[in-house]
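Peer 1: Here is the input, now give the coordinates:
(chains A, B, C and D)
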There are 2 protein chains.
Amino acid sequence: MHDVAAASGISRGTVSRVLNGGYVSAEARAAIEAAIAEVGYVPNTAARNLVMRRSQAVGFLALEPHSLLLEDPNIGAIMLGANEVLSVADHQMVSLVVDSARDTERVTRYLSGGFVDGAIIVSARTHDPITRVIAQLKLPATFVGHPPDLHHSIPFVGIDNAGSAQAITERLAATGRRHVGMIAAALDRDSGADRLTGFRAALGARFDPRLVAEVPLYDYASGVKGMRELLEREPGIDGVFAASDAVAAGAMEVLRDAGRGVPSDVGIVGFDDSSWATRTQPPLSTVHQPAREIGRNAAELVLRQLRDEGPAPANVLLPTPIVWRASA
Amino acid sequence: MHDVAAASGISRGTVSRVLNGGYVSAEARAAIEAAIAEVGYVPNTAARNLVMRRSQAVGFLALEPHSLLLEDPNIGAIMLGANEVLSVADHQMVSLVVDSARDTERVTRYLSGGFVDGAIIVSARTHDPITRVIAQLKLPATFVGHPPDLHHSIPFVGIDNAGSAQAITERLAATGRRHVGMIAAALDRDSGADRLTGFRAALGARFDPRLVAEVPLYDYASGVKGMRELLEREPGIDGVFAASDAVAAGAMEVLRDAGRGVPSDVGIVGFDDSSWATRTQPPLSTVHQPAREIGRNAAELVLRQLRDEGPAPANVLLPTPIVWRASA
DNA sequence: CGGGGGTGTGTGAACGTGCACACCGTGGCA
DNA sequence: TGCCACGGTGTGCACGTTCACACACCCCCG
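Peer 2: Residues are numbered from 1 along each chain as shown, chains lettered A, B, ... in the order given. This next block holds a predicted model:
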């Protein structure tokens, strides 16, 4: 900027004004713009951040990166959604991978180093050190997915897992199924536990704990494992609520091998409405998880804190329409 | 830092030395560390970047984000691989989504603003404005996947698509197949075009252009479309090279519906060795794409430029072992 | 003719750090 | 005794910006 000022014979202050707006005469502006082109000047945002004390950037942290980045079909859509609204607000979204203890330490430094003005955190555990640091720094942030019971200062956006699970289970049961089971995944997460709660609520007195297979993950392999277990325990099973579409796909594979027709012998429903849902044969009835909207809302909540509009923003629960296809 | 100095009664210079190493007496170090804890001091990395003229961060740009982020099974593994080596070198990897013209402009500013010391660029087109800016800024960078014919200053890491395609096609043909076809996807990309070239080279005189179905994308739906086309053109087809595992999965669905056994009636091979490959029934023979290694190498190349070791680093082509499973 | 308000410009002080340099005391050595 | 190397410390400058302030000028109005 100093060079530009020297080349144009006008002071730094005026150069700053043509860049950021302010009273500048036409000839001064022209001279400076010529000098900028001549010198090949590009503003140094790092220096601007230093004095402005903000970076116009928001971090996007996916904790549990292995499973998320490689398996979760929603994470990409959430990112895209968040980027959409941050982009309109002229904020740069930067995603950070947290994959090891070394990453945790470095990302912590990064977050506290003034690189970002806020953060969107996907599937944090409350005991996570990064969460602690963010709360401590008072960095504007939003959780996605898991309502953390600690840190009430940080809002979250998510879906009503229990309600959605209850709704789709009720609908499945209403198709005349008599032995309705569930492949319950990831019970150590809120989302997993809530889906089981909803399932249970839907069946009420008809709930049979024997017809719940517990599996560790939301993935295909878990679906295979869970369905085998259910078939063994109750060969007459005729309805299955799978905790995710991937789980449902694995379950359908097992049913096909066992010679059971879907939905004729067994009705099956999933959760997520991910790309799995349309790839199965027949296509899957499922709970639509509005991943893009989740991302958009999370970004919105961060921006609201950045603009300091009123007190702590409230949490957001997004509606999850049921998509009824052919599998039940 | 000033506050720490004041609280401990020792100068800023010494505070800097305890943080960055240098001659410091034990008592001074203790006093300063106590003051750091008391004040709750966290170093401001933005200020450090300003004076050091580097950020210890490397950008990870995925152009074509829609398809990549949501569909490409490799992108996550590449990111993880890159992050691994950057992490060891104590560099922060930041991924940037480029999803619109507005994004392009903002990311350009971000890259030239001193936020990153280097960049890893996935599937750039040579005419891409971001590529131009990076070359112009002389920002250390590495391309992943597509050897760009322009900008010789920027190295790339990729795989030998043509060679790999030729090798697996030869192996497929060697199983005694008489009518070997290909579902060729994404011919507008180097990777897609090269895979077709390799297929053609493998068959030599036996190559029959009628048995090549061209589809737009590397995805499941394209596989469905391509396989239908091939079956129509040549009902006696008994071997298929699909341009990706997802394409192969789509093709197998069609074959199953048509009552053709895999591999008894039709042998089929894919490309990528993504999670698709083990989910199909039977599991897919395919070309292993070492996504994680690609990421690692790309990061390595950027770091080498950062350390300014010798002249421009050479390009890297990684080996792609064939994984032979049951589909052919 | 003097004063006030708006427009346009220059200047100095931050922002939080790293680094070069200067400085001080001590001990070893000629 | 003088010199030097070395551990240990303080100070000023630089990095590239923004912002507050001061100043100059012009025009209009009382």
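
Peer 1: how close does A:Y110 sit to A:V133?
Peer 2: Going from A:Y110 to A:V133 by CB to CB, to the nearest Å gives 10 Å. For glycine as for every other residue, the C-beta is placed from the backbone atoms N, C-alpha and C.

Peer 1: More neighbours: those two, which one.
Peer 2: Using other CB atoms under 10 Å in any protein chain shown, the more surrounded residue of A:Y110 and A:V133 is A:Y110, with 21 against 17.

Peer 1: Doesn't A:F143 lie inside a helix?
Peer 2: No. With DSSP: H, G, I helix; E, B strand; the rest coil as the criterion, A:F143 is located in strand rather than a helix.

Peer 1: ok, now which ones touch it?
Peer 2: A:I121, A:V122, A:A124, A:I154, A:P155, A:F156, A:V157, A:G158, A:A298 (CB atoms under 8 Å, 6 or more residues apart in numbering or on different chains).

Peer 1: Can you tell me, leaving aside adjacent residues, what's nearest to the fourth one?
Peer 2: Computed as CB to CB, 6 or more residues apart in numbering or on different chains, the closest residue to A:I154 that is not its neighbour in sequence is A:A141, at 5.1 Å.

Peer 1: Tell me who's in contact with that neighbour.
Peer 2: A:G118, A:A119, A:I120, A:I121, A:I134, A:I154, A:V302, A:Q305.

Peer 1: Could you give the bridge partners of it?
Peer 2: A:A119 (DSSP bridges).

Peer 1: Where does chain A get nearest to DNA strand C, which residue?
Peer 2: Relative to DNA strand C, the nearest point of chain A is A:G13 (2.8 Å; CB to the nearest atom of the strand).

Peer 1: Any idea how many residues pack against that residue?
Peer 2: When neighbours are counted by other CB under 10 Å, A:G13 registers 9.

Peer 1: if I look at it, how far off is A:V51?
Peer 2: 14 Å.

Peer 1: quick one, what contacts the residue of the stretch 101-250 of chain A found nearest chain B?
Peer 2: The nearest approach of the stretch 101-250 of chain A to chain B comes at A:G113, 2.7 Å away (CB to the nearest CB). Neighbouring residues of A:G113 by CB under 8 Å, 6+ apart: B:V42, B:P43, B:N44, B:T45, B:A46, B:R48.

Peer 1: Could you rerun that using 6 Å?
Peer 2: Each residue near A:G113 by CB atoms under 6 Å, 6 or more residues apart in numbering or on different chains is listed here: B:T45.

Peer 1: now the helix or strand hosting A:L19: mean pLDDT?
Peer 2: Following DSSP states H and E, one finds A:L19 within helix A:12-20. Helix A:12-20 comes out with an average pLDDT of 92.

Peer 1: One more: stretch A:225-232?
Peer 2: Rounded mean pLDDT across stretch A:225-232 is 98.

Peer 1: and if you look at stretch A:27-41?
Peer 2: On average, the pLDDT along stretch A:27-41 is 93.

Peer 1: So which residues make contact with it?
Peer 2: A:D3, A:V4, A:A7, A:S8, A:I10, A:T14, A:V15, A:V18.

Peer 1: Tell me the buried residues within those residues.
Peer 2: Buried members of these, scored by 16 or more other CB atoms under 10 Å in any protein chain shown, are A:V4, A:A7, A:S8, A:I10, A:T14, A:V15, A:V18.

Peer 1: List just the nearest of those residues to chain B.
Peer 2: Checking the buried ones among the contacts of stretch A:27-41 against chain B with CB to the nearest CB, the nearest one is A:V4 at 14.9 Å.

Peer 1: Just confirm the closest one contacts A:V15, I think it does.
Peer 2: Yes. Contact criterion CB atoms under 6 Å: A:V4 and A:V15 qualify, at 5.3 Å.

Peer 1: Can I get the contacts of A:F143 in JSON lines including distance to B:L80?
Peer 2: Formatted as JSON lines, these follow (distance: CB to CB, whole Å):
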{"residue": "A:I121", "distance to B:L80": "19"}
{"residue": "A:V122", "distance to B:L80": "16"}
{"residue": "A:A124", "distance to B:L80": "19"}
{"residue": "A:I154", "distance to B:L80": "27"}
{"residue": "A:P155", "distance to B:L80": "29"}
{"residue": "A:F156", "distance to B:L80": "26"}
{"residue": "A:V157", "distance to B:L80": "26"}
{"residue": "A:G158", "distance to B:L80": "26"}
{"residue": "A:A298", "distance to B:L80": "23"}
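
Peer 1: Would you mind giving those residues as CSV with neighbour count, pLDDT and secondary structure added?
Peer 2: Supplementary listing: the contacts of A:F143 in CSV, determined by neighbours: other CB atoms under 10 Å in any protein chain shown; pLDDT from 0 to 100; DSSP: H, G, I helix; E, B strand; the rest coil:
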residue, neighbour count, pLDDT, secondary structure
A:I121, 25, 92, strand
A:V122, 26, 88, strand
A:A124, 26, 65, coil
A:I154, 23, 87, coil
A:P155, 22, 90, coil
A:F156, 21, 90, strand
A:V157, 25, 93, strand
A:G158, 21, 91, strand
A:A298, 31, 97, helix
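
Peer 1: Need the max-distance pair from the residues you listed.
Peer 2: The distance between the two most remote of these (CB to CB) is 14.2 Å, for A:V122 and A:P155.

Peer 1: low-confidence ranges in chain A?
Peer 2: A:65-71, A:124-126, A:146-151, A:309-310 (pLDDT under 70).

Peer 1: how about the strands in the stretch 1-150 of chain A?
Peer 2: A:57-62, A:92-97, A:118-122, A:141-144 (DSSP state E, counting those that start in this stretch).

Peer 1: Take those and write them to JSON lines, including distance to DNA strand C.
Peer 2: Putting the strands of the stretch 1-150 of chain A into JSON lines (distance: least, CB to the nearest atom of the strand, whole Å) gives the following:
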{"stretch": "strand A:57-62", "distance to DNA strand C": "17"}
{"stretch": "strand A:92-97", "distance to DNA strand C": "20"}
{"stretch": "strand A:118-122", "distance to DNA strand C": "18"}
{"stretch": "strand A:141-144", "distance to DNA strand C": "21"}
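
Peer 1: closest one to B:A165 among the ones you listed?
Peer 2: For the strands of the stretch 1-150 of chain A, the distance to B:A165 is smallest for strand A:92-97, at 31.1 Å, taking CB to CB.

Peer 1: Pairing partners for that closest one, with directions?
Peer 2: Partners of strand A:92-97 in the sheet, by DSSP bridges, are strand A:57-62 (parallel), strand B:92-97 (antiparallel).

Peer 1: Near DNA strand C, which residues of the stretch 51-200 of chain A are found?
Peer 2: Applying CB under 7 Å from any atom of the strand, we find that the stretch 51-200 of chain A lies next to DNA strand C at A:V51, A:R53.

Peer 1: how about the helices of the stretch 51-200 of chain A, start to end?
Peer 2: Assigned by DSSP state H, counting those that start in this stretch, the stretch 51-200 of chain A shows helices spanning A:65-71, A:75-88, A:101-112, A:129-137, A:161-173, A:190-203.

Peer 1: and the fifth one, what does it pack onto?
Peer 2: Secondary structure elements in contact with helix A:161-173, counted by 3 or more CB pairs under 6 Å, 6 or more residues apart in numbering or on different chains; DSSP states H and E, are helix A:190-203, strand A:267-269.
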